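Chemist: sequence and computational prediction follow.
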Amino acid sequence: MKMERVDKELAELRHTFRSGKTRSLAWRETQLKALLDLVHDHQETLFDALHHDLGKHPVESFRDEIGVVKKSATHSLAHLKNWMKPRTGSIPLIFFPASGKIVSEPFGVVLIIGSWNFPISLVLDPLIGAISAGNTVLVKPSELAPLCSSFLLNTIPNYLDPTAIKVVEGGVETSQHLLNQKWDKIFFTGSKAVGRIVLAAAAQHLTPVTLELGGKCPAIVDLTSISSHYDTRIVAKRIVGGKWGPCSGQACIGVDYLLVEEKHAQFLIDLLKKYIRRFYGEHPKESNSICRIVNRRNFERVQRLLKDPAVSASIVAGGFIDEERQFIDPTILLNPPLDSELMTEEIFGPLLPIITLNDIGESIEFINSGPKPLTIYPFTKDEKLKKMIVSETSSGGVTFNDTMVQFLCDSLPFGGVGESGLGRYHGKYSFDTFSHEKAVMERGFYPELEPRYPPWNSFKLKFIQLAYNFDYFGLGLLLMGLKKH
């Protein structure tokens, strides 16, 4: 029965899109304003749901979820009219008289599959892009955040156009059924393993996809260039915030591991321990400022990483495990085996390996030896090293001297490369992600380019060669040729 309902909902979305109602500026603005009303009216309910599902404190919930949605929707409303305007395209003079423009049109019916670690913002933020571009949308929230999923299912129809934006709940079976349908665009946030499944399913219908995945995001800590007592403490605070602050390390853009010169390792470890205590207290499991691991399966996965004797021997801070509460302390490990699962797979939990190098320049080769990360976080004042990192590594993005903040910048594209993702969004990039840029060219009937038509001869060959190589000269030669012939 559930699958029959899904098919019915999809049919209505197709009918609504064909009606053309979602293409108007007025409809798009109405939906974005309604979305702002939704998160405003239900802020306390969202705080409760996020705390229930993930243990998030209201401050973290507003910073990473509700605030993100408000910022994104407000930004889109401010710029949407300009985004929708056709852009002028340059046309070679050889085609004079002619004009060209690029028209952004919606793809059609879009599927958005959300993630459990940010179950509100990673659904509603891409939804803002899809609405802004004029699509109809089916949203599939993560079943691993059940209260947030239920909230979206029961609340969105009361605010947004129920004929154009729908929510379907369910687990793996529902997801598989959805992926078997034909969509005009799929937007997925989640793991690399499921991303491959989504991409394979989309290929059956040649459906364009955006995959927001993850990867082992490194922080490069160049303390040789950062000598200031104050600056080194800022570095430590931002690393602790970027590792354990977002959902206790369960974030695709969170710091996965650190690279530092061996001579600075102990100093850095001591600083990190200091700020872990300052942020989460002597007993982090009693803190209300750190999330728990989402469920038993993920808890056991992270716990398994520590069961390797060589890995557990590298623990220099933390390591406490509370099985009953599914909690693991913020844990620092020094030089764990590079071939361990801890170092070959995305951690997605509260464990922070530190790898020491003889020289910080070796970090380039170290990063390049693995899959392309979603983000690289270099802490350095060395301009030469900065240039090397940008030019000699490949990643979704690079954020110097901070962590996580790039996610909040609507003026910058957010997305991965290689195994860390496919496509980009945020701000205008979200609008573009959910739009097809259609080229529109218009010509007059005169002059007619006779050399483009058979029968071929040497004159026409020379004419076409010149026209391709020298556009302005080609136009002059064309006019001269027309006079002669």
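Modeler: Done, it's in.
Chemist: just give the nearest non-adjacent residue to residue 47, would you?
Modeler: In space, and not counting its chain neighbours, residue 47 is closest to residue 58: 4.5 Å by Cβ to Cβ, 6 or more residues apart in numbering. C-beta here means a position set from N, CA and C on the backbone, and glycine is covered the same way.
Chemist: distance check, the one you found against residue 173.
Modeler: 34 Å (Cβ to Cβ, to the nearest Å).
Chemist: okay, the two: which has more neighbours?
Modeler: Just comparing residue 58 and residue 173: by other Cβ atoms under 10 Å the higher neighbour count belongs to residue 58, 16 against 10.
Chemist: quick one, what contacts residue 460?
Modeler: By Cβ atoms under 8 Å, 6 or more residues apart in numbering, the contact set of residue 460 is residue 451.
Chemist: let's go with 10 Å and repeat that
Modeler: 449-454, 481 (Cβ atoms under 10 Å, 6 or more residues apart in numbering).
Chemist: got the residues you listed as JSON lines, with distance to residue 391 and secondary structure columns?
Modeler: Output for the contacts of residue 460, formatted as JSON lines (distance: Cβ to Cβ, whole Å; DSSP: H, G, I helix; E, B strand; the rest coil):
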{"residue": "449", "distance to residue 391": "44", "secondary structure": "coil"}
{"residue": "450", "distance to residue 391": "49", "secondary structure": "helix"}
{"residue": "451", "distance to residue 391": "45", "secondary structure": "helix"}
{"residue": "452", "distance to residue 391": "43", "secondary structure": "helix"}
{"residue": "453", "distance to residue 391": "48", "secondary structure": "coil"}
{"residue": "454", "distance to residue 391": "49", "secondary structure": "coil"}
{"residue": "481", "distance to residue 391": "47", "secondary structure": "helix"}
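Chemist: out of those, who's the most crowded?
Modeler: Taking other Cβ under 10 Å as the neighbour criterion, residue 451 ranks highest of the contacts of residue 460 with 20 neighbours.
Chemist: surely that residue touches residue 464?
Modeler: Yes - counting by Cβ atoms under 10 Å, residue 451 does reach residue 464; the two are 6.0 Å apart.
Chemist: and residue 465, what's its pLDDT?
Modeler: If you check residue 465, the pLDDT there is 85.
Chemist: right, I mislabeled it, should have said residue 382
Modeler: Per-residue confidence at residue 382 stands at 97 (pLDDT).
Chemist: also residue 304?
Modeler: We note a pLDDT of 94 for residue 304 in this prediction.
Chemist: so how many other residues sit close to it?
Modeler: Per other Cβ under 10 Å, the neighbour tally for residue 304 reads 12.
Chemist: spatially nearest residue to it, not counting backbone neighbours?
Modeler: The shortest distance from residue 304 to any non-neighbouring residue, by Cβ to Cβ, 6+ apart, is to residue 341 (7.6 Å).
Chemist: tell me how far the one you found lies from residue 244.
Modeler: Noted for residue 341: a distance of 20 Å to residue 244, by Cβ to Cβ.
Chemist: if we can go back for a sec, surely the residue nearest to residue 304 meets residue 303?
Modeler: No - counting by Cβ under 10 Å, residue 341 stays clear of residue 303, with 11.9 Å between them.
Chemist: and residue 264, that's in a strand?
Modeler: No - judged by DSSP: H, G, I helix; E, B strand; the rest coil, residue 264 forms no part of a strand; its state is helix.
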